[in-house]
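Peer 1: Next input, structure requested:
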Amino acid sequence: MLSQCGFVGGGVGLASEAAYFAKIPGNQKWAPRPTPINSWNFFHFSPYHNFMRGKPDNNPWGPAVTMFRTANGTPLYFNFHVTPLEERSIGKRPLGHMLLTGTSGEGKTTLLDFLLCQCMKFSPRMFCYDRDRGMEPFIRSVGGYYKVLQQGVKLTSHRSNRKALRVILRPLKYHACLC
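Peer 2: Presented below is the predicted three-dimensional model:
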């Protein structure tokens, strides 16, 4: 099991009893092959860190939106809102933010569709902006209305168009530095 985590073990042989007792705090002097570790190694061996767990229930919307499995197999309860673990937050309205980044083809739209699908148990009101119609199958499958916005028309360089733009942009001149 330890070899799967990148540890290389070795036999101790005649000093196996000393090696066993050397693991008890304060008995380091009995270690057959003492190996000093730095603070970074100690941090990684320390049992005081783990994967994020999330909050399974008592969230603003009730139970967690969904549960993911972490790299070590523990559950991660996902919520869009962060509230203290011991607080009963049902019905409260804290801010909820999410940033989803990645390169093309990494599955951002698929993950977002999954999270929105998991939100359906809360009867949400959703409004989505989409690029390249990636969310269209999901939105239609949950009974949503999908509207394709057409690309705008470029204004011709005509005197009346330029005058209209000056009228629109004039107030900005006094509130911002237009370079």
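
Peer 1: quick one: the strands in this structure?
Peer 2: 66-69, 75-78 (DSSP state E).

Peer 1: in the last one, what's buried?
Peer 2: So the one you mean is strand 75-78. Using 16 or more other Cβ atoms under 10 Å as the test for burial, strand 75-78 gives 77-78. The way it works is simple: take the backbone N, C-alpha and C, and place the C-beta from them, glycine included.

Peer 1: What helices and strands are in contact with the lengthiest helix in the chain?
Peer 2: Ordering each helix of the chain by length in residues (DSSP state H) puts helix 159-175 first. The contact analysis (3 or more Cβ pairs under 8 Å, 6 or more residues apart in numbering; DSSP states H and E) places helix 159-175 against no helix or strand.

Peer 1: export it as CSV, just CAs?
Peer 2: Extracted C-alpha coordinates of helix 159-175, given in CSV (Å, rounded to 0.1, in the frame of the first residue of the first chain):
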residue,chain,number,x,y,z
ARG,A,159,-22.6,61.1,-40.5
SER,A,160,-25.9,60.3,-38.6
ASN,A,161,-24.4,57.1,-37.0
ARG,A,162,-21.2,59.0,-35.9
LYS,A,163,-23.4,61.8,-34.4
ALA,A,164,-25.5,59.2,-32.5
LEU,A,165,-22.4,57.6,-31.1
ARG,A,166,-21.1,61.0,-29.9
VAL,A,167,-24.4,61.6,-28.1
ILE,A,168,-24.2,58.2,-26.4
LEU,A,169,-20.5,58.5,-25.5
ARG,A,170,-20.4,62.2,-24.4
PRO,A,171,-21.5,61.5,-20.8
LEU,A,172,-18.7,59.0,-20.5
LYS,A,173,-16.2,61.7,-21.3
TYR,A,174,-16.9,63.4,-18.0
HIS,A,175,-16.9,60.2,-15.9
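
Peer 1: one step back: do you know which of the strands of the chain lies nearest Q118?
Peer 2: Checking the strands of the chain against Q118 by Cβ to Cβ gives strand 66-69 as the closest, at 4.2 Å.
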